[in-house]
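In: after the sequence you'll find the predicted model.
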There are 2 protein chains.
Amino acid sequence: AAFAAGKPTTIAPADIAIAEQLREKALRDDTAWEFTEGLTTEVGPRLAAGPNDLKAREWVTARFKALGFDKVWSEPVTFPKWVRRGEHAEVLAPFPQPLSLLALGHSPGTPAGGISAEVVGFDSFDALKAADPAAVRGKIVYVGARMHAHQDGHDYGIGSQVRVDGPPLATQKGAAAFLLRSAGTDNDRLPHTGVTRFDPGQPAIPAAALSSPDADQIERMLKRGQPVRVKLVLDCGFEGEYTGANVIAELRGSKTPDQHFVMGGHLDSWDPGTGAIDDAAGIGISVGAARLIAQLPKRPARSIRVVAFANEEAGLFGGKAMAEKYRKSIGNTVLGSESDAGADRIWKITATVKPEARDAIGQIAAVLKPLGIEYDAQAPGRGGSDLSALHAVGMAGLSLHQDATRYFAWHHTANDTLDKIDPEQLRQNVAAYAVVAYLAAQANGDFGSAPGAFAKDQGED
Amino acid sequence: AAFAAGKPTTIAPADIAIAEQLREKALRDDTAWEFTEGLTTEVGPRLAAGPNDLKAREWVTARFKALGFDKVWSEPVTFPKWVRRGEHAEVLAPFPQPLSLLALGHSPGTPAGGISAEVVGFDSFDALKAADPAAVRGKIVYVGARMHAHQDGHDYGIGSQVRVDGPPLATQKGAAAFLLRSAGTDNDRLPHTGVTRFDPGQPAIPAAALSSPDADQIERMLKRGQPVRVKLVLDCGFEGEYTGANVIAELRGSKTPDQHFVMGGHLDSWDPGTGAIDDAAGIGISVGAARLIAQLPKRPARSIRVVAFANEEAGLFGGKAMAEKYRKSIGNTVLGSESDAGADRIWKITATVKPEARDAIGQIAAVLKPLGIEYDAQAPGRGGSDLSALHAVGMAGLSLHQDATRYFAWHHTANDTLDKIDPEQLRQNVAAYAVVAYLAAQANGDFGSAPGAFAKDQGED
Ligand SMILES: [Zn+2]
Ligand SMILES: [Zn+2]
Ligand SMILES: [Zn+2]
Ligand SMILES: [Zn+2]
């Protein structure tokens, strides 16, 4: 960093004025919408390592170039390839009927004829944790934790714990397979997939998510007290390794181009939907913001990078590869903010920066205030999922929190499609990102990025 | 009818008082919920002629008996058997990706390898009607009419016309297959099935409904101007005939048992869901109402019948069979009111009765008023879908109109499950049906049922 510790980071009034203009212009700009519409329509589903992985990278590379970035490149990312070929399930007894479900990412398949076994039900992760392995052995474990919708989406903590940690726990206790009530807030007959904590070569059992109405159905059957038998057929599993890439676009800084602000989203999506809210919109918002800055008469002092990350869904592989690559030079990534919670309006800004940059964050927040965004100066802001690994090696982070009330109804389901994005709220997102990107790139002083700078501040926002 | 024409039908104050008590009791009674929960959980999907047809009849027969009706019997109904074995589709060009769709009832299957052809799009039934057959021949016709949610559900007229009349029209014009934007008001990735107008042995092309987001996707592709090619694989079709049955339960009248009031719903459902709103609830509401009347110290003067109709979905076969059987004695069916629009609150009552019974309907409506139900004395009230054939041969009808704002989001989709029913609104339905059933069974005078009585008043409410 170019400034001595202790000297406060500041933003010049002229830059504030330009940021305000960017904000207003963003509210009338549809670049983000066009990007999101294009990626979800012309590429569609983008399972990491799947048939559209390369196609998506080619699409986004071409679009970055067409939008006039100064430099566009890829950085390889290698990860285990997981394939979904299909799945189905049915209740065998006492009330035979089909079930709607989706295999979890990294789940092994069942034997070809499926697994037929009795279901043992739990209402929470902790109840499964407390269970005697004898009650679970050879059975299909079902965990029926419920999530409700909140602006800050905090119930995802409940659902994702069941999905991520439930299957390995059930494996350990000797279960035959694992089912959960989808980690979602809806009551649609569309299961929520998502990754679970299985690595290639480790012990693992077939694991899948039931849609909420199917989970209700299983619970009603269990309540009747007769044994509930389910047949589960999952055709999925690991198939070696795959090398994809993070695709990066840069607006080259006019004064200190080696320093950059980074934003973006992940290019991969779960396969049942077209990954509109998760996370075409995240890249679209960043592209929309960068484009407005590119149209200014002059590039800002620092560079601005937009990253379309590889394989966030199955384990943050793109972000981790980037952290590995930029670990030593992390001081050059002055600040990062990624969008990965849909495109409903941003309602809060938080940041994890050095104390001397706190006032600059306050200056940025003041420009965001007319967008209805509150500044919470106490809460952490680590920059988002794909940037968590960069934050862990020392990148200062800023988080723009989208309203998650609707997000977890559609997240990781076939319902993640373009129609779920409200163009007006999307523009509000672009306005916020344009302000943050421009002011971070123009700030006098840094935000504290340095190797190991935030070693004590890990975890999720 | 026992009363001379010209003499007004009336309801005694003592009967009004009992009806008011029934109304209040119904608001605390869960018989309808328990019936609906049981049928949708223990039987589940109930495609007419499908694997659960007989099972559903056995279930409802046993339940009718357990609930203490005086008589329970079945009347056979024969209809063409249509089978769904599966379906899938994908865009081949310009942007390959899978599509979510469901074959329409009575659609033929495609050849085993599917049909691959270019899509030609229309935005309404009328646009297809106006199309030159040369523009359609050998292509997959797509019709993308949109429905919006309304309390009275009137946009279903738009969607059902496309679904019912579109495929035969496209067949006539030489199309290879037919796709529509689902006849629904939602934007969920769940297609709406439903019957189309194909009879066994007639010319027909494969016909299916796309979910709303898939329809959007096809429209975005068509808008880009490049040829859009789709591959469609439907495995479905007619398989001879099937004989099911209407299942009927009766509370035997204490004075004129040969006369009866009839209510009910249809026992069959489309197969992707469990037929909760369409139409387990319809039977459940009738059962709940009848049960409260059965608990009175004395049976009402006339009999009360609850009918679980066979195969409404593919062509009103149960209602037609009943009309054929009771055609000559239709005067004994003094009034009929069926529930087939879900279980959200009833907001309006209408009736098609003889002029001399209009005041009695007004008396009934007054008892319903505290439930928030308005009386529209001008509009027809033909008693509902399953009763339309009975009305056509002379049955007086009364319609209790459910709020359809939510109904057409879930109708005929996998989303038609128990969780879509609000127990409180369901009880309001039961209260209204209990009032109507009791007062119709106690009225001094009839409502005008007689062979041919309403010959000039056909059609939908
Ligand atoms: Zn994401
Ligand atoms: Zn995700
Ligand atoms: Zn119906
Ligand atoms: Zn129906």
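Out: Received, thanks. Residues are numbered from 1 along each chain as shown, chains lettered A, B, ... in the order given. Ligands and ions are numbered 1, 2, ... in the order given.

In: in chain A, which spans are helices?
Out: A:13-26, A:31-38, A:53-66, A:125-130, A:133-136, A:156-172, A:212-223, A:281-294, A:317-326, A:358-368, A:388-392, A:407-410, A:423-442 (DSSP state H).

In: deepest of the ones you listed, which one?
Out: helix A:281-294 (a mean of 28; mean count of other C-beta atoms under 10 Å in any protein chain shown). Using the backbone N, CA and C atoms, a C-beta is placed for each residue, glycine as well.

In: ok now that helix, how far from the chain's centre?
Out: 17 Å (C-alpha atoms, centre = their mean, to the nearest Å).

In: so is that helix next to ligand 1?
Out: No. Remark: helix A:281-294 sits outside contact range of ligand 1, by C-beta under 5 Å from the ion, the gap being at least 7.1 Å.

In: okay, the angle between that helix and helix A:13-26?
Out: When axes from the mean of the first three to the mean of the last three C-alpha atoms, to 10 degrees is applied, the directions of helix A:281-294 and helix A:13-26 differ by 130 degrees.

In: out of the helices of chain A, flag the one nearest ligand 3.
Out: Evaluated over the helices of chain A, closeness to ligand 3 peaks at helix A:212-223, with 18.8 Å, by C-beta to the ion.

In: show residues contacting that closest one.
Out: Here helix A:212-223 makes contact (C-beta atoms under 8 Å, 6 or more residues apart in numbering or on different chains) with A:91, A:94-95, A:97, A:99-101, A:119, A:121, A:142, A:144, A:179-182, A:184, A:186-189, A:191, A:210, A:228, A:230, B:37, B:41, B:44, B:274, B:415, B:417-419.

In: residues in contact with the nearest residue to A:Phe35 once chain neighbours are set aside?
Out: Excluding the flanking residues, the one nearest A:Phe35 by C-beta to C-beta, 6 or more residues apart in numbering or on different chains is A:Gly284, at 4.0 Å. Counting by C-beta under 8 Å, 6+ apart, A:Gly284 touches A:Thr31, A:Ala32, A:Trp33, A:Phe35, A:Thr36, A:Leu39, A:Gly265, A:Ala343, A:Leu426.

In: please apply the same query to A:Glu338.
Out: A:262-265, A:282, A:286, A:307, A:309, A:383-387.

In: state the distance from it to A:Gly38.
Out: Note on A:Glu338: its distance to A:Gly38, by C-beta to C-beta, to the nearest Å, is 20 Å.

In: give the contact list for the closest residue to A:Asp271 other than its chain neighbours.
Out: Of all residues not flanking A:Asp271 in the chain, A:Leu47 sits nearest, at 4.0 Å (C-beta to C-beta, 6+ apart). Residues in contact with A:Leu47 (C-beta under 8 Å, 6+ apart) are A:Asp53, A:Arg84, A:Asp268, A:Ser269, A:Trp270, A:Asp271.

In: list the contacts of the closest residue to the second one other than its chain neighbours.
Out: Going back to what we said before, that points to A:Arg84. In space, and not counting its chain neighbours, A:Arg84 is closest to A:Cys236: 4.6 Å by C-beta to C-beta, 6+ apart. Counting by C-beta under 8 Å, 6+ apart, A:Cys236 makes contact with A:Trp82, A:Val83, A:Arg84, A:Arg85, A:Gly86, A:Glu87, A:Ala103, A:Ser107, A:Pro108, A:Gly109.

In: so which of these are in strands?
Out: A:Trp82, A:Val83, A:Arg84, A:Arg85, A:Gly86, A:Glu87, A:Ala103 (DSSP state E).

In: residues contacting the closest residue to the second one other than its chain neighbours?
Out: Spelled out, it's A:Val83. Spatially, and ignoring its direct neighbours in sequence, A:Val83 is nearest to A:Glu239 (5.1 Å; C-beta to C-beta, 6+ apart). Shown in contact with A:Glu239 (C-beta under 8 Å, 6+ apart): A:Lys81, A:Trp82, A:Val83.

In: show me which residues of chain A are close to chain B?
Out: Residues of chain A lying near chain B by C-beta under 8 Å from any C-beta of the partner chain: A:37, A:41-45, A:94-98, A:100, A:187-190, A:212-213, A:216-217, A:220-221, A:272-274, A:413-415, A:417-420.

In: out of the residues you listed, which are buried?
Out: Neighbour counting over the residues of chain A next to chain B (16 or more other C-beta atoms under 10 Å in any protein chain shown) leaves A:37, A:41-45, A:95, A:97, A:100, A:187-190, A:212-213, A:216-217, A:220-221, A:272-274, A:413-415, A:417-420 as the buried ones.

In: that older thread, pLDDT score assigned to the residue nearest to A:Phe35?
Out: Predicted confidence (pLDDT) for A:Gly284: 98.

In: give me every residue in chain A lying close to ligand 1.
Out: So chain A meets ligand 1 at A:Asp278, A:Asp279, A:Asp340 (C-beta under 5 Å from the ion).

In: need the residue closest to the centroid of chain A.
Out: A:Asp340 (4.3 Å; C-alpha atoms, centre = their mean).

In: quick one, phi psi at it?
Out: phi -150, psi 50 (degrees, to the nearest 10).

In: list the contacts of it.
Out: Counting by C-beta under 8 Å, 6+ apart, A:Asp340 makes contact with A:Gly265, A:His266, A:Asp278, A:Asp279, A:Gly282, A:Glu312, A:Gly384, A:Ser385, A:Asp386.

In: same check, this time on A:Gly394
Out: A:Arg327, A:Ile330, A:Gly331, A:Ser449, A:Ala450, A:Pro451, A:Gly452, A:Ala453, A:Phe454, A:Ala455 are the contacts of A:Gly394 under C-beta under 8 Å, 6+ apart.

In: what about burial for those, which qualify?
Out: A:Ile330, A:Gly331, A:Ser449, A:Ala450, A:Ala453, A:Phe454.

In: need these in JSON lines (columns: pLDDT).
Out: Formatted as JSON lines, those follow (pLDDT from 0 to 100):
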{"residue": "A:Ile330", "pLDDT": "98"}
{"residue": "A:Gly331", "pLDDT": "98"}
{"residue": "A:Ser449", "pLDDT": "98"}
{"residue": "A:Ala450", "pLDDT": "98"}
{"residue": "A:Ala453", "pLDDT": "96"}
{"residue": "A:Phe454", "pLDDT": "94"}
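
In: farthest pair within those?
Out: Farthest pair in these (C-beta to C-beta) is A:Gly331 and A:Phe454. Separation: 12.2 Å.

In: from the stretch 101-250 of chain A, which residue is nearest to ligand 1?
Out: Counting by C-beta to the ion, the stretch 101-250 of chain A gets nearest to ligand 1 through A:Gly194 (9.7 Å).

In: for that residue, phi and psi?
Out: phi 150, psi 160.

In: how about the nearest residue to it, chain neighbours excluded?
Out: The nearest residue in space to A:Gly194 (C-beta to C-beta, 6+ apart) is A:His412, at 4.8 Å.

In: got it, and A:Asp15?
Out: A:Asp15 sits nearest to A:Gln442 (C-beta to C-beta, 6+ apart), 4.4 Å away.

In: of the buried ones among the contacts of A:Gly394, which belong to strands?
Out: Using DSSP E, none of the buried ones among the contacts of A:Gly394 sit in strands.
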